[in-house]
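[1] I would like to see how this sequence folds:
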Amino acid sequence: MTRPPDRDQEARQGPGVPTRDVAREGSATSIAQAASDSDSWVSFALVPASGVFEGQVAVVGQTRIEGTVLGSVRGPGDLVLGTEGRIEGRIDCETVSSHGEILGPIVARKRAYLGDGAHFEGDLVTAAVEVDGHVVWNGQARVSR
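    Down below sits the predicted model:
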């Protein structure tokens with residue numbers, strides 16, 4: 001029951017927002033279930049570009065952030081921060097991949113990747129780190145298995 005993308009909805013909410021309105025369809029489908037239905041989502045960001053979320057974000061599975069989070073980001077999953085993404089707070093998850101801005105410490109239990117354009121102000125604790133391209137990083141790293 002997917003509809004073609006609603007261009008007016010995309011203009012109001014920005015890219016990375018679901019192309020269907022789960023609540024309007026009268027379904028009890030959760031965001032996580034709807035996000036796994038690749039036919040109904042162009043690309044899914046928990047916080048879309050130009051969106052702002054204040055509070056704690058739970059990272060379960062792969063979680064993409066394109067907007068701003070003011071608070072901690074924690075959980076057993078993998079965090080992907082897009083080029084327009086910004087996190088002001090502590091990050092604690094399995095892996096972190098960033099092309100955006102992070103202001104706060106990172107604990108990445110498996111791996112941290114700072115890609116081209118990333119800006120990171122904080123300390124990093126991880127098992128492996130990769131820095132690629134033009135990255136600004138002010139802080140210390142502790143890399144150990």
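
[2] elements contacting the helix or strand containing residue 108?
    Here residue 108 sits within strand 106-114, counting by DSSP states H and E. On a contact count with 3 or more C-beta pairs under 8 Å, 6 or more residues apart in numbering; DSSP states H and E, strand 106-114 meets strand 91-98, strand 124-126, strand 129-131. Any C-beta I mention is one placed from the backbone N, CA and C, and that applies to glycine too.

[3] if you compare the ones you listed, which one is most tucked away?
    Most buried of the helices and strands packed on strand 106-114 by mean neighbour count (mean count of other C-beta atoms under 10 Å) is strand 91-98; its value is a mean of 22.

[4] so what strands line up beside the helix or strand following it?
    With elements assigned by DSSP H and E, the helix or strand that comes after strand 91-98 is strand 101-103. With DSSP bridges as the test, strand 101-103 is paired with strand 86-88 (parallel), strand 119-121 (parallel).

[5] mind listing the helices for this protein?
    Ranges of helices in the chain, per DSSP state H, are 7-13, 31-36.

[6] and these, which one averages the lowest pLDDT?
    Among the helices of the chain, helix 31-36 carries the lowest mean pLDDT, a mean of 37.

[7] domains of the chain?
    7-40, 52-143 (automatic domain parsing).

[8] got a list of what the closest residue to residue 76 other than its chain neighbours touches?
    Leaving aside its sequence neighbours, residue 76 sits nearest to residue 94 (C-beta to C-beta, 6 or more residues apart in numbering; 6.1 Å). Applying C-beta atoms under 8 Å, 6 or more residues apart in numbering to residue 94 gives the contacts 59, 76, 77, 78, 108, 109, 110, 111.

[9] just put these in TSV and tack on pLDDT and neighbour count.
    Listed next are the contacts of residue 94 as TSV, based on pLDDT from 0 to 100; neighbours: other C-beta atoms under 10 Å:
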residue	pLDDT	neighbour count
59	92	22
76	96	12
77	94	16
78	96	19
108	98	23
109	97	14
110	97	13
111	97	15
